[in-house]
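Undergrad: Mind folding the following:
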Amino acid sequence: MKRACGAALGICLALSGCQAGYVLRQGWGQITYRSHEVPIESPALRDLAGGEAAEKLKWVPEILEFARTELGLEPGDSYSTYVDTRGSPVSYVVTAAHPLALVPYQWQFPFAGRVPYKGHFDEADANAEAEKLKQRGYETLVFPVMAFSTLGWFQDPVVSSMVEGTLADLVDVILHETTHRTVYYPGLASFNESLATWVAREGTVRFLKAHDELRPLLEGYLGEQRASAEREALLLRLRDDLDALYRSGLDEPSILERKAEIFASASLALETLRGAPSEPPLNPTNAYVLSTARYHELEKPLGIAQRKLGGHPRALVAWLQGLDAGADPLEAVLQLAWSGGAGAE
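TA: A predicted model of the protein is given here:
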């Protein structure tokens, strides 16, 4: 009853915005899949999740304690329950962009502000929204997601898609989503996603190192991160090449011709980096490029800022929380990273 009332309260608050029908559908979806949740520490979890997944889930309380004590994150009451999505993604995200500029389409929501993506529990709803945007001339992309954060408005569960990878992957995604719950700036999607990616990666390495029985996972996780960094660097270069093209002043046919050439070249380069057939091929749209870049484009200045604050991600989180109300966190990080700033090296 308490959870249902909390969900209803969140919906009612959101109805002050312009997305009432959407919010009602998503609120109902939240309530529906939450109706199947089981406490993480329930004896029934092994039968529900399966032996291997249940072994990973045993680590969740310790991951949350590490998030609190070592990283200064605030998971609240999230991740104390488990929901089996029966092999389906937990949500589908729509994102869109102008075809001749690296300008994302943005939705406006109460509390979250302007965001360049929109989640749907139902895949058909996501595809329908994408089709409407296509008809308005936007490039669109719909993709499944394994987890999301309600930013503290609801008690987020661990969902079965979160335990499909390694235990290191589970640590990473819980720390990523808990970072959103702890530090979130409305309207600054790239900053929020880059910060969550950075803190999760730093935190996962520290968590694995802190447990002798998990140290064998460290080499594999770091290898995945190195491979991912190569792919991310390539996609960021692609973004910069496209941005230069769109600002070149060429006529539209010339831009479209050159755009296709840039994507073809990047696709060939990406093929040399693909470590496994499961890694996605390049999607030749601005929507794809922007959706990838926002998770990584600010990792470098965040890393430099962290080093200047003493080298621990907890210090970075605390420093951001201590910024004056109304301060621009991106400007503050860039100033700290590229100038003297606190603890300059």
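
Undergrad: Okay, and the beta partners of the closest residue in space to Asn283 that isn't next to it in sequence?
TA: Distances taken as Cβ to Cβ, 6 or more residues apart in numbering put Leu141 closest to Asn283, at 6.3 Å, once the chain neighbours are dropped. Quick note: C-beta positions are derived from backbone N, CA and C, even for glycine. For Leu141, the beta-bridge partners are Thr95 (DSSP bridges).

Undergrad: quick one, what contacts Leu141?
TA: Val94, Thr95, Ala96, Ala130, Asn283, Thr285, Ala287, Tyr288, Ser291 (Cβ atoms under 8 Å, 6 or more residues apart in numbering).

Undergrad: quick one: the first one and Lys132, what's the gap?
TA: Separation of Val94 from Lys132 (Cβ to Cβ, to the nearest Å) stands at 10 Å.

Undergrad: Among the two, which residue is more densely surrounded?
TA: Val94 (25 against 13; other Cβ atoms under 10 Å).

Undergrad: contacting residues for the more buried one?
TA: If you count contacts by Cβ under 8 Å, 6+ apart, Val94 has them with Tyr117, Lys118, Gly119, His120, Ala126, Glu129, Ala130, Leu133, Thr140, Leu141, Val142.

Undergrad: Just to check, the fifth one is in contact with Val145?
TA: This points to Ala126. No: between Ala126 and Val145 there is no contact under Cβ atoms under 8 Å: 10.5 Å.

Undergrad: which stretches of the stretch 1-150 of the chain have low pLDDT?
TA: Scanning the stretch 1-150 of the chain for pLDDT under 70 picks out 1-35, 111.

Undergrad: can you give me the strands in it?
TA: 38-39, 81-83, 91-97, 107-109, 113-115, 118-120, 139-145 (DSSP state E, counting those that start in this stretch).

Undergrad: Make CSV out of these and add distance to Ser161.
TA: Output for the strands of the stretch 1-150 of the chain, formatted as CSV (distance: least, Cβ to Cβ, whole Å):
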stretch, distance to Ser161
strand 38-39, 16
strand 81-83, 10
strand 91-97, 10
strand 107-109, 24
strand 113-115, 21
strand 118-120, 14
strand 139-145, 8
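
Undergrad: Identify whichever of those strands lies nearest to Gly322.
TA: Of all these, strand 113-115 sits nearest to Gly322, with 21.1 Å by Cβ to Cβ.

Undergrad: Just the closest of the contacts of Val94 to Ser42, please.
TA: Distance to Ser42 across the contacts of Val94 (Cβ to Cβ) is lowest for Gly119, with 27.6 Å.

Undergrad: so which strand or helix has Glu230?
TA: Using DSSP states H and E, Glu230 falls within helix 216-246.

Undergrad: for the record, mean pLDDT for that helix?
TA: For helix 216-246, the mean per-residue pLDDT is 94.

Undergrad: for it, packing partners?
TA: When contacts are defined as 3 or more Cβ pairs under 8 Å, 6 or more residues apart in numbering; DSSP states H and E, helix 216-246 packs onto helix 167-182, helix 189-209, helix 252-271, helix 286-293.

Undergrad: CSV please, covering the ones you listed and showing distance to Ala49, mean pLDDT and mean neighbour count.
TA: Shown next, in CSV, are the helices and strands packed on helix 216-246 (distance: least, Cβ to Cβ, whole Å; pLDDT from 0 to 100; neighbours: other Cβ atoms under 10 Å):
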stretch, distance to Ala49, mean pLDDT, mean neighbour count
helix 167-182, 12, 95, 24
helix 189-209, 21, 96, 22
helix 252-271, 35, 95, 14
helix 286-293, 30, 95, 23
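
Undergrad: which one in this protein is furthest away from the centre?
TA: Asp251 (35.6 Å; Cα atoms, centre = their mean).

Undergrad: Tell me the spacing between that one and Arg231.
TA: Distance from Asp251 to Arg231, by Cβ to Cβ: 32 Å.

Undergrad: Verify the stated contact: Phe121 with Ser91.
TA: Yes: under the criterion of Cβ under 8 Å, Phe121 makes contact with Ser91 at 5.9 Å.

Undergrad: Number of residues surrounding Lys58?
TA: Lys58: 13 neighbours (other Cβ under 10 Å).

Undergrad: what's the answer for Ser78, then?
TA: Look at Ser78: counted by other Cβ under 10 Å, it has 20 neighbours.

Undergrad: tell me the contacts of it?
TA: Neighbours of Ser78 in contact, by Cβ under 8 Å, 6+ apart: Ser149, Gln155, Asp156, Pro157, Glu177, Thr178, Arg181.

Undergrad: same thing with Leu236?
TA: Ala293, His296, Glu297.

Undergrad: try 10 Å this time
TA: Counting by Cβ atoms under 10 Å, 6 or more residues apart in numbering, Leu236 touches Val289, Thr292, Ala293, His296, Glu297, Glu299, Lys300.

Undergrad: Next: Asn283.
TA: Glu139, Leu141, Phe143, Phe263, Ser267, Val289, Ser291, Thr292.

Undergrad: What distance do you get for it to Asp125?
TA: Distance from Asn283 to Asp125, by Cβ to Cβ: 21 Å.

Undergrad: I am finished for the moment; much appreciated.
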